[in-house]
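Participant: I need the structure of the sequence given here:
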Amino acid sequence: MSRRVLVDVVVGVVLAVGSQIFLYGAYLVLLLAGASLPYDSAPSEPGSHPDWLAQISLMSLVAAVPVFVAAVVVAWLLTTHSAGEGARRGLTWSAVVIAWTLLLAVGNGTAAMFGVPGLWVFIAAFALGPVAAAGLGMRRRAAESSAADEGMAHHRTPRAGTGS
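Facilitator: Sure thing, here's the model as predicted:
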């Protein structure tokens, strides 16, 4: 495994574990907003509780926003140079998050949550963040390059014999 992939796997684990904070934060935000959240923990057979599945989907959708922002910031700090590198990094992080979530789901019998759309939006936020960071980085580098070119144009000395 290359060093770059290993770094992305480790960062993915940190993001996956840290994303649990965003999910708890989403739960609190939804409670403060007055949403009806009947479950403070998973029921004994989650698949047979559509209200619990709806709650997980909603919490995941709300948490996807800060997850996306965190993924953009972390990918930016790791200097993601291209959309291709961002896609590779994002897919690595998403795979780690899926594995982490599956591990938790098997451990507590909540695999039914993989059937809710909110969870997949949550996972997609990990994949799309590094691609967005690469786009922002390319725009920043293009602006810096343009500014540097402009600065160089002002400091050019005329060549002898050209009259300029």
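Participant: skipping adjacent residues, who's closest to Ile98 in space?
Facilitator: Ile123 (6.2 Å; CB to CB, 6 or more residues apart in numbering). Where you see a C-beta, it was placed from the backbone N, CA and C, and this is true even at glycine.
Participant: kindly report the same for Leu104.
Facilitator: Per CB to CB, 6+ apart, closest to Leu104 is Thr110, 7.3 Å.
Participant: any idea of the pLDDT on that neighbour?
Facilitator: Note for Thr110: predicted pLDDT of 90.
Participant: look at it and say how many residues are nearby.
Facilitator: 20 (other CB atoms under 10 Å).
Participant: which element follows the helix or strand where Phe68 lies toward the C-terminus?
Facilitator: For Phe68, the host element (DSSP states H and E) is helix 50-77. The helix or strand immediately downstream of helix 50-77 is helix 83-108, counting by DSSP H and E.
Participant: relative to helix 50-77, how tilted is that following helix?
Facilitator: Counting by axes from the mean of the first three to the mean of the last three CA atoms, to 10 degrees, helix 83-108 lies at 140 degrees to helix 50-77.
Participant: check the offset of helix 83-108 from the chain's centre.
Facilitator: 10 Å (CA atoms, centre = their mean, to the nearest Å).
Participant: and it, which residues are buried?
Facilitator: 83, 85-98, 100-101, 105 (16 or more other CB atoms under 10 Å).
Participant: and stretch 67-84, by the same measure?
Facilitator: Applying 16+ other CB under 10 Å to stretch 67-84 flags Val67, Phe68, Ala70, Ala71, Val72, Val74, Ala75, Trp76, Leu78, Thr80, Ala83 as buried.
Participant: where does the chain have low pLDDT?
Facilitator: Within the chain, the ranges that satisfy pLDDT under 70 run 1, 138-164.
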